[in-house]
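Asker: Got a sequence here, can you build the structure:
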Amino acid sequence: MMRKLLYLFAFICSSAIFAQNSVSGKILDKNNKPLVEVEVLLINNSSQETLKAAITDKDGNFEFESVKFEEVKIVI
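Answerer: Residues are numbered from 1 along each chain as shown. Sure thing, here's the model as predicted:
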């Protein structure tokens, strides 16, 4: 019984770790200056559904948290 609980605990912990994937980046113009308040979309490749949206900050940075493993594309 104790062994089963240990396996269950390990599975829950590993699931929580894998669920915390993030994608981040920086949007720059052709002069390497950050682009501010640009909408960035995370799109599912197969369904073309928008999964997440973000706006770049004052330094051009964006981040998507809790991204699932699947084929996605980023649209600016």
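Asker: Can you tell me what sits against stretch 27-46?
Answerer: Outside stretch 27-46, the residues that touch it by C-beta atoms under 8 Å, 6 or more residues apart in numbering are 23, 25-26, 49-62, 64, 67, 70-76. (C-beta placed from N, C-alpha, C; glycine too.)
Asker: where does the chain have low pLDDT?
Answerer: 1-20, 69 (pLDDT under 70).
Asker: can you give me the strands in this structure?
Answerer: Applying DSSP state E to the chain gives strands spanning 23-26, 39-44, 50-55, 61-64, 72-75.
Asker: As JSON lines, these with mean neighbour count and distance to residue 33 would be great.
Answerer: Below are those laid out as JSON lines (neighbours: other C-beta atoms under 10 Å; distance: least, C-beta to C-beta, whole Å):
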{"stretch": "strand 23-26", "mean neighbour count": "14", "distance to residue 33": "11"}
{"stretch": "strand 39-44", "mean neighbour count": "16", "distance to residue 33": "17"}
{"stretch": "strand 50-55", "mean neighbour count": "14", "distance to residue 33": "17"}
{"stretch": "strand 61-64", "mean neighbour count": "17", "distance to residue 33": "13"}
{"stretch": "strand 72-75", "mean neighbour count": "14", "distance to residue 33": "20"}
